[in-house]
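Undergrad: Build me a model:
(chains A, B, C and D)
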There are 4 protein chains.
Amino acid sequence: MGNKLRVGILGATGAVGQNYAVLLENHPWFDITYLAASPKSAGKPFAEAVKGKWFMDRDIPKSLVDLVVGDAGHPPAAFGKCDFVFSSYEGTKEEIQKTEMEYAKAGFPVVSNNSAHRWTEDVPMIIPEINAYHLQIIPIQQDNRGFTNGFVVTKPNCSIQSFMTPVYALMEQGYFPRELNVVTMQAVSGAGYPGVPSLDMIDNIVPYIGGEEDKTEKEPLKIFGDLVVVDRKINSVSSEGLKIRARCTRVPVIDGHTACVTLQFDSSAHNYSYPSLDNVKQIWEDFEGLPQKLSLPSAPNPAIIYRKEENRPQPRKDRMAGNGMAVTVGGLKDYGDRYSFVGLSHNTIRGAAGGAILTAELLKAKGYL
Amino acid sequence: MGNKLRVGILGATGAVGQNYAVLLENHPWFDITYLAASPKSAGKPFAEAVKGKWFMDRDIPKSLVDLVVGDAGHPPAAFGKCDFVFSSYEGTKEEIQKTEMEYAKAGFPVVSNNSAHRWTEDVPMIIPEINAYHLQIIPIQQDNRGFTNGFVVTKPNCSIQSFMTPVYALMEQGYFPRELNVVTMQAVSGAGYPGVPSLDMIDNIVPYIGGEEDKTEKEPLKIFGDLVVVDRKINSVSSEGLKIRARCTRVPVIDGHTACVTLQFDSSAHNYSYPSLDNVKQIWEDFEGLPQKLSLPSAPNPAIIYRKEENRPQPRKDRMAGNGMAVTVGGLKDYGDRYSFVGLSHNTIRGAAGGAILTAELLKAKGYL
Amino acid sequence: MGNKLRVGILGATGAVGQNYAVLLENHPWFDITYLAASPKSAGKPFAEAVKGKWFMDRDIPKSLVDLVVGDAGHPPAAFGKCDFVFSSYEGTKEEIQKTEMEYAKAGFPVVSNNSAHRWTEDVPMIIPEINAYHLQIIPIQQDNRGFTNGFVVTKPNCSIQSFMTPVYALMEQGYFPRELNVVTMQAVSGAGYPGVPSLDMIDNIVPYIGGEEDKTEKEPLKIFGDLVVVDRKINSVSSEGLKIRARCTRVPVIDGHTACVTLQFDSSAHNYSYPSLDNVKQIWEDFEGLPQKLSLPSAPNPAIIYRKEENRPQPRKDRMAGNGMAVTVGGLKDYGDRYSFVGLSHNTIRGAAGGAILTAELLKAKGYL
Amino acid sequence: MGNKLRVGILGATGAVGQNYAVLLENHPWFDITYLAASPKSAGKPFAEAVKGKWFMDRDIPKSLVDLVVGDAGHPPAAFGKCDFVFSSYEGTKEEIQKTEMEYAKAGFPVVSNNSAHRWTEDVPMIIPEINAYHLQIIPIQQDNRGFTNGFVVTKPNCSIQSFMTPVYALMEQGYFPRELNVVTMQAVSGAGYPGVPSLDMIDNIVPYIGGEEDKTEKEPLKIFGDLVVVDRKINSVSSEGLKIRARCTRVPVIDGHTACVTLQFDSSAHNYSYPSLDNVKQIWEDFEGLPQKLSLPSAPNPAIIYRKEENRPQPRKDRMAGNGMAVTVGGLKDYGDRYSFVGLSHNTIRGAAGGAILTAELLKAKGYL
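TA: A predicted model of the protein is given here:
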């Protein structure tokens, strides 16, 4: 274990924090050595701090049961205890922004699951299969803010993970999206615990999740955006010409977000010709992202799974594909001028803690950790 | 009761037939006097024929418990027993087409819930609030086929009822749809009993329902279509210029189909100007269809209910609006060039038996019964 | 409406309070004229006070939308506004006990849904079909405490309503229970809103509900208990010789508590002989309680419904029997020395607000209101 | 792989058959080499035979996809293809009895999941932790029927597995049960696919499962029964003095049967003294059955897990304990004269295919295979 990087978890007692605890058990590169949460939990053994609110189906990893929780709001408490941190720190947007930057200033790389810094210009928002090259923003961030080793990197919202990689795979082959309509059917675990009341989820669905539609419509634009760095200045991170319309709904599913997508390509691109059904399937089957090429420990391989059964993907059957890290697609239909498909990914693995872990693995492989 | 029309139910033992039985209890105009089903059920009292497969939450109406079931495949058995029939006759498309026309030939008006005749040119497919004037096809049908009093009228699929009236209300005011993307989230009662296995509906959704997407994309075109009758010939029933794309999914909800719709208007229409959010809401609130104007017994009033809460409509809370006959809409969003909304209606009431009953009421009010 | 009694609701914004609001709409004897809740809600129109936490499937009754909420902790605020109150006042046991007695002292009869006073010796705990004669404790309570017109009456816990009346019907005929084992399967509405997290109720059950087993084992003893009043003193309220063992579980059902009961009779009673299956069914079918004899507006008739289908009662199909006020039983099995059956009642109607309303109707019929 | 025993599956395309297929993937001792089903499936590759009815969450094991299905009704078809068979053969009781004995006569040991032979006197019904010594019936069976190598062994119903081992652990220490009341809350996977309709399992439970209560009340008597073999004759297999009363209900849970048990001990036993709560917990914690002592590949260790949290066991959280082979207990309550507890086990693993696999491992370890 001596050579593993030592990991801290900020917000360790919350829903995402618990996922980190479970997912990092037996990780080949990372070892949880520090857990931090609110002052109320600080000073307690982890098992006591999460008593009555541990909601994972698996038990608390044995090595964490007695680990005494630190105060997440106090970065110096982490000194000497970990090499970098995953942040699911809870608070207002301003508190999160401030605290994550304090950890960075204190020398800790921060891989954040929070939305607070996703739109901070010098903070990259990463899906490792798509925009690993955005990591070159990190030295600019460090320059801008006088950080030495620390920095902040974010991952995007869980609601977009079910369609981003399949769309990107097509972009790579010259099929740029112009319009994307998506209706998501999101699992209740996305709201944490206690989260969504059962009175809303028995014999019912709720066609609204606060804030999700806005994130779903905007975050892809930054991730797909071109990055032009001139003189260590970021000139542009944006994705012009793509219009996303999202309706986000909550359905009675424990884990696994489903996305029903309609996709129109930008036919103005050079040499563009509308792809055939077989083209699209082949592109998905052949897709290999950087995490796959680097054989990162958590990288699913394949990254995209196309199911030919007409009634797939289904949350309970497909969410664990690639250990919860793959995206499963199906139901591909060609409307002559656009495609429709259904995408599915595990929201608390690929869409949250697992996605952050893959990002950290990428950072390590690329020398940032 | 003497003045009520006597009603027969074809396919009385099935899911839709059971709904007719329950919904017509205490109807002011109609009285069930004849129940018919497959030869296997024929000759048995109704309660015995549905034993072990009565799946309504309410009990069998007392007046029907001992009514002896007839053979639905033998129209003469209905002579003298009823004035018209609701058909949820079960069989192959060809069998249904043949049997329904035999009833019509035998003198019975047939209001059918089946899809078999929806695309027969001289058979109207009716949503009473929208295309009552299509009933003028009836005398042409009778002419064509040598019927005297009988005829066949159909109602469309349950999956489209959650958005058709709201869209039509806008059409009436000059806002014609050019593109309509819809993702439906359909209740399990739509598949009858036993229908959808619970193994598919616990901690899961299924993004596919056989045949529904095709019906959802095409049936609106006939209903919205212009009808030009020249010399007792039907010249055209079609809705050019409207493109619908549908994804139909099954969710763990007992009753109530939800539709997430994105709607683009045809800006080429004369004097067209894009409506404001307030325009759209006002149009929906003001909408009054023919059933409302005629105060038909089953007509919901209002026909369209706009909920301003951002998390509505919800199946369990809104399906019984207007006794299950209204359409509830919400979540209206303006994308500058198109609107997005969520519509909901009760699939077994408005979307099946209730919709057929309203159609029969319209037929009666218009002198066809 | 002039002759109706004016009703106040304490705790009007909570789950039980909302049930009162809906159930008393159009009540023939009672009219809600006063709504009271915590200081946070006081001063707001009811619709505003429950905004975002109205969880009933039906909308707020129109007459209550603009009714300004009073401070439930301040009894004088109710002066002149109502003739009696239903209490679902929220607070610690001590706060509830104190506040309910203050209302009584101020002259208001209080019909309470709370458990706080259920074990107060001079406060009756009533199931109208069973122990209406316990109401004679009221004048003793008034004597003890110097109340003039006010008093406190309670109703028992929702978990026992599914078996109490069927057991009592047998007691009336001389079959006294000695041992009663019960496993309840309780609906989520019993926990209010937000209540039970959906993460606990999708693909899961929870075999524990805090405090319910204790209530289920003890409350029947007081209700079935003999009352001996000597010189205006209560000498005994207890049910010796009955032993109840309860396991209370939570299941993914919106409304309707199911109880699986095994019942052993006390064979030592005079002239006892073990009843036959037909005896038991006949006793249940013939049972008529005082509410039925008095034709109280909310009294279900019959009070007990025996379903002969082997797979009933079921929550969704049977909870609304008798407008949610009846108890449905089924699955009767004779083990030679004891019986087993399944009972079901609606927990928020019969088991909470509806049960309290029936108690108030009884109080009115008996001249206490 | 050369040294593994070659396994055939009778009824390979059904629900239990699919479980065998998944559970035996990578088994250290057994290797599926033969799949057999009805004549309709015979001759097709396995993937084709289960098309549209594969309901496992995991995909078909790669090695079985193309394996051509044989005719299960024709034992000679298995010659040379496997060393023994697991039977989930489907048919009437008589057909199953006949077919399983034909395989035995043809030389195949048969480990059956079916109920057909459970009450055949010379066929043992085995829970490996409890009554391994009943396997000595096998040579008697072979004698009686003139079998050489073949024989039939059965496993009991899934509904009893959640309480049998905990009760047996107490018996081993001298605490014999006299009365056992159990209410089961059974998962839908127990009914196979399509199985239980979703209309019965959304916002509902069903307090009845055909045949289960009878099996639950009787099968434990044979398993716990003393076996006296005199002159190669079975003199007695019965468990006098134990009375079981069972209510079996279906709940909306995918996998995992829960049992709420009340247990009274036989106080007439020599040296009996009522055990303390700590005794009972200690006995469970210390329990080790023969499969654990022999370290059989599928044996859970520990076999019984006591959860001290008051709201456990829960199906979704505890069913996979011991890879789905352990029994989890909790909620232990002492009523002074009897105990109450909640037991849980995975119905398709421990309660069906997994239990049969453990039985086969025991047979191998004991030299019967």
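Undergrad: For chain A, list the residues in contact with chain B, please.
TA: By C-beta under 8 Å from any C-beta of the partner chain, the residues of chain A that approach chain B are A:181, A:183, A:185, A:200, A:202-208, A:213, A:243, A:245, A:247, A:249, A:251-254, A:258, A:260, A:262, A:310-317, A:330-331, A:333, A:335, A:338, A:340, A:342. (Each C-beta comes from the backbone N, C-alpha and C, glycine too.)
Undergrad: Could you pull out the strands in chain A for me?
TA: With DSSP state E as the criterion, chain A has strands at A:5-10, A:30-37, A:70-71, A:84-87, A:109-112, A:151-154, A:177-186, A:226-230, A:233-238, A:243-250, A:257-265, A:304-306, A:327-334, A:338-345.
Undergrad: neighbours around the residue lying closest to A:Val85 once chain neighbours are set aside, how many?
TA: The shortest distance from A:Val85 to any non-neighbouring residue, by C-beta to C-beta, 6 or more residues apart in numbering or on different chains, is to A:Gly8 (4.0 Å). A:Gly8 has 26 neighbours, counted by other C-beta atoms under 10 Å in any protein chain shown.
Undergrad: Could you tell me the model confidence score at A:Lys233?
TA: Looking at A:Lys233, its pLDDT is 81.
Undergrad: Revised request: answer the last question for A:Met201.
TA: pLDDT at A:Met201 comes out at 98.
Undergrad: What of A:Phe55?
TA: 85.
Undergrad: In contact with the residue in the stretch 51-200 of chain A positioned nearest to chain B, which residues are there?
TA: Of the stretch 51-200 of chain A, the residue with the smallest distance to chain B, taken as C-beta to the nearest C-beta, is A:Val183 at 4.0 Å. When contacts are counted by C-beta atoms under 8 Å, 6 or more residues apart in numbering or on different chains, A:Val183 is found next to A:246-249, A:259-260, B:183, B:247, B:260.
Undergrad: measure it to C:Gly354 for me?
TA: Distance, A:Val183 to C:Gly354, using C-beta to C-beta, to the nearest Å: 39 Å.
Undergrad: do A:Asn3 as well
TA: Distance, A:Asn3 to C:Gly354, by C-beta to C-beta: 67 Å.
Undergrad: Can you turn the buried part of the residues of chain A next to chain B into a PyMOL selection?
TA: To isolate the buried ones among the residues of chain A next to chain B in PyMOL, judged by 16 or more other C-beta atoms under 10 Å in any protein chain shown, type:
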select buried, chain A and resi 181+183+185+200+202+203+204+205+206+207+208+213+245+247+249+251+252+253+254+258+260+262+311+312+313+314+315+316+317+330+331+338+340+342
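Undergrad: quick one: least confident helix or strand in chain A?
TA: One helix or strand of chain A scores below all others by mean pLDDT, DSSP states H and E: strand A:233-238, with a mean of 72.
Undergrad: For chain A, which residues are neighbours of chain C?
TA: So far as C-beta under 8 Å from any C-beta goes, chain A lies against chain C at A:55, A:188-189, A:193-203, A:252-254.
Undergrad: and A:Asn3 and C:Gly354? which has more neighbours close in?
TA: Set A:Asn3 next to C:Gly354 and count neighbours by other C-beta under 10 Å: C:Gly354 wins out with 26 against 7.
Undergrad: I am assuming the more buried one contacts C:Asn347, so please confirm or correct that.
TA: No - with contact defined as C-beta atoms under 8 Å, C:Gly354 does not reach C:Asn347; the gap is 9.7 Å.
Undergrad: what's the least confident stretch among the strands of chain A?
TA: Across those, the lowest-scoring stretch is strand A:233-238, with a mean of 72.
Undergrad: which residues of the stretch 251-369 of chain A fall in helices?
TA: For the stretch 251-369 of chain A, applying DSSP state H, counting those that start in this stretch gives helices covering A:277-286, A:290-293, A:315-318, A:354-365.
Undergrad: Quick check: which of those is nearest to D:Pro139?
TA: Counting by C-beta to C-beta, D:Pro139 lies closest to helix A:315-318 out of the helices of the stretch 251-369 of chain A; the figure is 45.1 Å.
Undergrad: with the contacts of A:Val183 in mind, which one is nearest to chain C?
TA: Distance to chain C, by C-beta to the nearest C-beta, is smallest for A:Thr249 among these, at 14.0 Å.
Undergrad: give me every residue that touches that closest one.
TA: A:Thr249 makes contacts with A:183-186, A:205-209, B:185, B:258, B:260, as judged by C-beta under 8 Å, 6+ apart.
Undergrad: Next, format these as a markdown table and append distance to D:Asn113.
TA: Formatted as a markdown table, those follow (distance: C-beta to C-beta, whole Å):
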| residue | distance to D:Asn113 |
| --- | --- |
| A:Val183 | 42 |
| A:Thr184 | 41 |
| A:Met185 | 36 |
| A:Gln186 | 38 |
| A:Ile205 | 37 |
| A:Val206 | 41 |
| A:Pro207 | 44 |
| A:Tyr208 | 46 |
| A:Ile209 | 44 |
| B:Met185 | 38 |
| B:Thr258 | 41 |
| B:Cys260 | 44 |
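Undergrad: Show me which of those is closest to chain C.
TA: Out of these, the member with the shortest distance to chain C (by C-beta to the nearest C-beta) is A:Val206, at 10.3 Å.
Undergrad: about what we covered before: looking at the residues of chain A next to chain C, which are in helices?
TA: The members of the residues of chain A next to chain C all map outside helices under DSSP state H.
Undergrad: Now do the end-to-end distance for stretch A:340-355.
TA: 25 Å (C-alpha to C-alpha, to the nearest Å).
Undergrad: Off-centre distance for that stretch?
TA: For stretch A:340-355, the gap between its own C-alpha mean and the chain's C-alpha mean amounts to 8 Å (C-alpha atoms, centre = their mean, to the nearest Å).
Undergrad: buried ones in it?
TA: For stretch A:340-355, by 16+ other C-beta under 10 Å, it's A:340-355.
Undergrad: Out of these, which two are the most distant from each other?
TA: Taking C-beta to C-beta, no two of these sit farther apart than A:Ser340 and A:Ala353, at 30.5 Å.
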